[in-house]
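Novice: Below are the sequence and a predicted model; questions follow.
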Amino acid sequence: MVPLSTANTPVTASSANLLDCMIDLDAINFVVGWLYIVLFVPALLLNIMAAWISWNLKTKSACIMYLKNLLAADLLMTLLIPLRGADRLPGSSLALRAFNCKFGSVLFYLCMEVSIVLLGVISLDRFFKIVQPGGKLLGQSALFRKVVSAVVWVLLLSSCTIPTMVLTDVKPPNNTSILCMDMKSDLGKEYHTVVTMFGNQLENETDCPWAKLSVAKDMTLWISTTNVCLDPLIYIVLCKAFREKLYELKILGSWFSTTAQQGTESSP
């Protein structure tokens, strides 16, 4: 399970000590913050395009049904990217960091988790189509797809997102080294530990191993976030109706003139 809240803010009090480890947390936070902000532009354009196309699709195929739920998660995640980037930049306000801890980061991880689960469900649906094309397996019914999509959202919201928001109810300390864990009640910290299965985020540490792990986590998380730009490409590859609509609207030129008629999926 992806952690629900993280130490988003640089540790300024002891950052000088980390220079001995060849790590400047302030500089790294500056770079990571701008990486998120730069990512926002292509992510927004691609997901707006995908949303507009899917809005005009009338088919009720499995791909489109799951696509719309995946797209909702990607759009929300995209809108949260600037908040996540601004939070990392030097000089970000205490109010911004507190808001991000209580709401922004929690919703960000919710969207990421929904995307991961739905991509797995789409792969399972593709498997059903291969082993029994045109069959009447449970996983190929429209009702099943609606139930699965709803269960994914409800389960993650009720088990992770809402409890984390509720238990992040402590007034943030008035300093520049706030951690999201500082805003959690004792019960919230215990719940967070159970959910994440470890505690790298329970204390404001400043030693070299902690700093290296923090940098590695930040960079891998940013790489994972680029998934919001890759998902629209998945729609093109997997969904015949999506490709046909792209060709019909001539959004990407004549490249789809041959591929639009070749589908890997037939509507059930």
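Specialist: The structure has been received and is ready for your questions. Residues are numbered from 1 along each chain as shown.

Novice: can we go C-alpha only for contacts and neighbour counts from here?
Specialist: Noted.

Novice: List the residues that contact residue 96.
Specialist: By C-alpha atoms under 8 Å, 6 or more residues apart in numbering, the contact list for residue 96 reads residue 87.

Novice: Would you mark the buried spots in stretch 123-135?
Specialist: Buried residues in stretch 123-135, counted by 16 or more other C-alpha atoms under 10 Å: 125-126, 128-129.

Novice: Show me which of those residues is closest to residue 143.
Specialist: Residue 143 has its nearest neighbour among the buried residues of stretch 123-135 in residue 125, at 13.4 Å by C-alpha to C-alpha.

Novice: Check which element follows the helix or strand containing that closest one along the chain.
Specialist: Assigned by DSSP states H and E, residue 125 belongs to helix 105-131. Using DSSP H and E, the next helix or strand after helix 105-131 towards the C-terminus is helix 142-156.

Novice: and the angle for the helix holding residue 125 with helix 142-156?
Specialist: Interaxial angle, helix 105-131 versus helix 142-156 (axes from the mean of the first three to the mean of the last three C-alpha atoms, to 10 degrees): 150 degrees.

Novice: helices or strands up against helix 105-131?
Specialist: Helix 105-131 is packed against helix 62-88, helix 142-156, with contacts defined by 3 or more C-alpha pairs under 8 Å, 6 or more residues apart in numbering; DSSP states H and E.

Novice: Can I get those helices in a markdown table including mean neighbour count, mean pLDDT and distance to residue 233?
Specialist: As requested, those are exported to a markdown table (neighbours: other C-alpha atoms under 10 Å; pLDDT from 0 to 100; distance: least, C-alpha to C-alpha, whole Å):
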| stretch | mean neighbour count | mean pLDDT | distance to residue 233 |
| --- | --- | --- | --- |
| helix 62-88 | 22 | 89 | 12 |
| helix 142-156 | 14 | 88 | 21 |
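
Novice: Show me the one of those helices that comes nearest residue 117.
Specialist: Set against residue 117 and scored by C-alpha to C-alpha, those come closest in helix 142-156, at 7.4 Å.

Novice: Please state the offset of the closest one from the chain centre?
Specialist: Distance of helix 142-156 from its chain centroid, counting by C-alpha atoms, centre = their mean, to the nearest Å, is 18 Å.

Novice: To residue 103, which of the helices and strands packed on helix 105-131 lies closest?
Specialist: helix 62-88 (9.9 Å).

Novice: Give me the angle between the closest one and helix 105-131.
Specialist: Counting by the same axes, to 10 degrees, helix 62-88 lies at 160 degrees to helix 105-131.

Novice: the helices in the stretch 151-268 of the chain, which residues?
Specialist: 162-167, 186-196, 208-225, 227-238, 240-249, 256-259 (DSSP state H, counting those that start in this stretch).

Novice: Quick check: which of the ones you listed is buried the most?
Specialist: helix 240-249 (a mean of 20; mean count of other C-alpha atoms under 10 Å).

Novice: Can you show me the CA trace of that one as PDB?
Specialist: These are the backbone C-alpha positions of helix 240-249, laid out as PDB (Å, rounded to 0.1, in the frame of the first residue of the first chain):
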ATOM      1  CA  LYS A 240     -10.900   0.300 -30.400                       C
ATOM      2  CA  ALA A 241     -13.600   2.800 -29.800                       C
ATOM      3  CA  PHE A 242     -11.100   5.300 -28.400                       C
ATOM      4  CA  ARG A 243      -8.900   4.900 -31.500                       C
ATOM      5  CA  GLU A 244     -11.800   5.300 -33.800                       C
ATOM      6  CA  LYS A 245     -12.900   8.500 -32.100                       C
ATOM      7  CA  LEU A 246      -9.400   9.900 -32.400                       C
ATOM      8  CA  TYR A 247      -9.400   9.200 -36.100                       C
ATOM      9  CA  GLU A 248     -12.900  10.600 -36.500                       C
ATOM     10  CA  LEU A 249     -11.900  13.800 -34.800                       C
END
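
Novice: Looking at it now, give me its mean pLDDT.
Specialist: If you average the pLDDT over helix 240-249, you get 77.

Novice: ok now it, how far from the chain's centre?
Specialist: For helix 240-249, the distance to the chain centre is 26 Å (C-alpha atoms, centre = their mean).

Novice: And it, what does it pack against?
Specialist: helix 25-55, helix 227-238, helix 256-259.
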